[in-house]
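Q: Build me a model:
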Amino acid sequence: MRHPIRATLLAFLLACACQGAEVNVDAGGSGGATGTGGTTNSGGKGGNGGNGGSTGTGGITNTGGTVGTGGATSTGGTGGKSGSTGTGGATQTGGTVGTGGAVGTGGKGGSTGTGGAAGATGVAGKSGAAGAGAAGHSGTGGAGGATSSCSTPPAASALVGWAAVSGMGVTTTTGGGNATPQTVTTESALASAAGGTGAAVIYVKGVLSAGKISVGSNKTIVGLCGAEIHGHLGLSGSSNVIIRNVKIVGYGVGNCALDPDYDSSVGCSSGNDAVTVNSASHHLWFDHCDISDGTDGNLDITNGSDFVTVSWTKFHYTSRSDNSGNDSTGSEGHRFSNLIGASDGLSIDVGHLNVTWHHDWWADNVNQRMPRSRAGKIHLFNNLFTAAGDSYCTNAGDGTHLLVESNVYSGVKAPLQPDSNGDMLAKNNIFTNTSGTTTANGTGFSPTYSYTPDAASGIQAAVQAGAGPQ
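A: Sure, this is the predicted structure:
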């Protein structure tokens, strides 16, 4: 027969021993990496499998496993899946350790981390760079959009200068006014339409054959769609005429002998101007024209003519020489663009030859006369001179008064040439890579018409873009 006290004591000691073992299992689970609790309970070895989980950073979550509750320890292993989001496939190395308990198999879930590599497909986004579309630069060619159509010309510029001033029985320059436009496509048709004094608006279309055309009073001649007039235009005693948006090419393209009136005993000066204004013609406006290769001059204004404006017009020559005749100029080629006044001391010129030049361009191969002036009040503002290889540019000759302001002289010789018997005032001009005189401190004159010069700094770009037919 057992003693009651001993039986009670023995039961108490056994209970304490079991509780201690349970505590050791919990301690071993929390530090899976040490595995010290394994000696207390074989289930503790399952805890060693936790070492594999420690490789993935999430594996440490095994510390919470209630390992002491028997087989339930495996539930803690599922926590290893969260560790799979760790450092990718490296977690797999630990997974192989847990072959014994279910806890270890949970470690395999960590291998799903390799799926992160799928992000590499994002590289395909580089193909988007091909959308740069650099070809869009060609759009700058749209600057040519100002060109007129083949049925309607561009709008006229604003009339500024002497052609807008009242005098000699005419208030201002209106040309053919509101007359119904007629379109011509041949030299003979233009000659017929341009004659006489009746009001006419004439549209020129196409490239006309060379010929001599006399322009009467009260006419507007406008080029359409790249129109060209070849040979010679003459305005003699004409008034109230507008010529615009047209290319006018003289006979002497590279060779003065092409002119039907050329005299080899004289030289290029024996031929025709591209445009001649004489015999007291007045109230004339040349706007947005391209005038070149006159055998004698490009646009000459003489013999008492008056109230003339030349605007947004380009003057140039094809290279040529003048090697024969008693008036020959040799390599200069008589490429003498614009003469105002035929000679000194003409009584018909007194009080006349008043001309405004603005936004004009003296360009390739012009040798001199840009312009050469006599007698009148000549106003040059906002013009461009780029005629490299020239002899001189702007001259103030016998009895003339020149106001030369806000122009650009670039790469030319002798920009300003005030004669001893002429008068010139130059102000606010720009001279770039020039040689020769760049100052003129005369009295000039004060225009009676309204005008506002543009700053010279922007003139070269504006004139190169805007001069000539549009």
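Q: Please verify my assumption that residue 218 contacts residue 202.
A: No: with contact defined as Cβ atoms under 8 Å, residue 218 does not reach residue 202; the gap is 11.3 Å. For the C-beta atoms, the positions are set from N, CA and C on the backbone; glycine is no exception.
Q: Mutual contacts of these two, please.
A: Taking Cβ atoms under 8 Å, 6 or more residues apart in numbering as the contact rule, residue 218 and residue 202 both touch residue 176.
Q: low-scoring pLDDT stretches of the stretch 1-150 of the chain, where are they?
A: Within the stretch 1-150 of the chain, the stretches with pLDDT under 70 are 1-148.
Q: how does it look with 80?
A: Residues of the stretch 1-150 of the chain meeting the criterion pLDDT under 80: 1-149.
Q: What mean pLDDT does stretch 397-416 get?
A: Averaging pLDDT along stretch 397-416 gives 98.
Q: Could you list the buried residues of that stretch?
A: Judged by neighbour count (16 or more other Cβ atoms under 10 Å), stretch 397-416 contains these buried residues: 397-410, 412-416.
Q: and the end-to-end length of that stretch?
A: Terminal residues of stretch 397-416 are spaced 11 Å apart (Cα to Cα, to the nearest Å).
Q: Determine the longest strand present in this protein.
A: strand 219-236 (DSSP state E).
Q: tell me which residues form a beta bridge with residue 204?
A: Counting by DSSP bridges, residue 204 forms beta bridges with residue 184, residue 223.
Q: got the contact list for residue 422?
A: Residue 422 sits in contact with 373, 374, 395, 396, 397, 398, 399, 400, 401, 402, where contact means Cβ under 8 Å, 6+ apart.
Q: Oops, could you answer that again for residue 406 instead?
A: 381, 382, 427, 428, 429, 453, 454, 455, 456, 459.
Q: Quick check: the gap between it and residue 328.
A: Distance from residue 406 to residue 328, counting by Cβ to Cβ, to the nearest Å: 37 Å.
Q: Give the closest residue to residue 324 in space, chain neighbours not counted.
A: residue 264 (5.0 Å; Cβ to Cβ, 6 or more residues apart in numbering).
Q: Please apply the same query to residue 295.
A: Nearest residue to residue 295, sequence neighbours excluded (Cβ to Cβ, 6+ apart): residue 271, at 2.7 Å.
Q: Now that neighbour. Its backbone dihedrals?
A: phi -90, psi -170 (degrees, to the nearest 10).
Q: Was I right to think it contacts residue 251?
A: Yes: with contacts counted by Cβ under 8 Å, residue 271 reaches residue 251, the gap being 6.2 Å.
Q: Overlap in contacts, those two.
A: 259, 262, 294, 295.
Q: give me the number of residues near the first one?
A: If you count neighbours by other Cβ atoms under 10 Å, residue 259 ends up with 23.
Q: who's in contact with it?
A: Counting by Cβ under 8 Å, 6+ apart, residue 259 has contacts 250, 251, 252, 270, 271, 272, 295.
Q: How much space separates it from residue 310?
A: 23 Å.
Q: what do you get for the second one?
A: Summarising the geometry, the distance separating residue 262 from residue 310, computed by Cβ to Cβ, is 26 Å.
Q: out of those two, which sits in the more crowded spot?
A: More neighbours surround residue 310 than the other of residue 262 and residue 310, with 29 against 22 (other Cβ under 10 Å).
Q: Assumed that one was part of a strand.
A: Yes: applying DSSP: H, G, I helix; E, B strand; the rest coil, one finds residue 310 inside a strand.
Q: Which residues are in contact with it?
A: By Cβ under 8 Å, 6+ apart, the contact list for residue 310 reads 285, 286, 287, 299, 355, 356, 357, 358, 360.
Q: Check residue 463 too.
A: Residues in contact with residue 463 (Cβ under 8 Å, 6+ apart) are 312, 359, 360, 361, 382, 383, 384, 408.
Q: Which parts of the protein are helices?
A: Assignment of helices within the chain using DSSP state H yields the ranges 4-30, 43-48, 50-53, 73-77, 80-83, 92-95, 102-108, 187-194, 459-466.
Q: burial measure for the closest residue to residue 213 other than its chain neighbours, as a count.
A: Nearest non-adjacent residue to residue 213, counting by Cβ to Cβ, 6+ apart: residue 191, 4.8 Å away. Counted by other Cβ under 10 Å, the residues lying close to residue 191 total 16.
Q: how close does residue 191 get to residue 204?
A: Using Cβ to Cβ, one gets 11 Å for the distance from residue 191 to residue 204.
Q: tell me the contacts of the residue lying closest to residue 415 once chain neighbours are set aside?
A: Excluding its sequence neighbours, the residue lying closest to residue 415 (Cβ to Cβ, 6+ apart) is residue 409, at 4.0 Å. Applying Cβ under 8 Å, 6+ apart to residue 409 gives the contacts 385, 393, 415, 429, 430, 431, 432, 434, 438.
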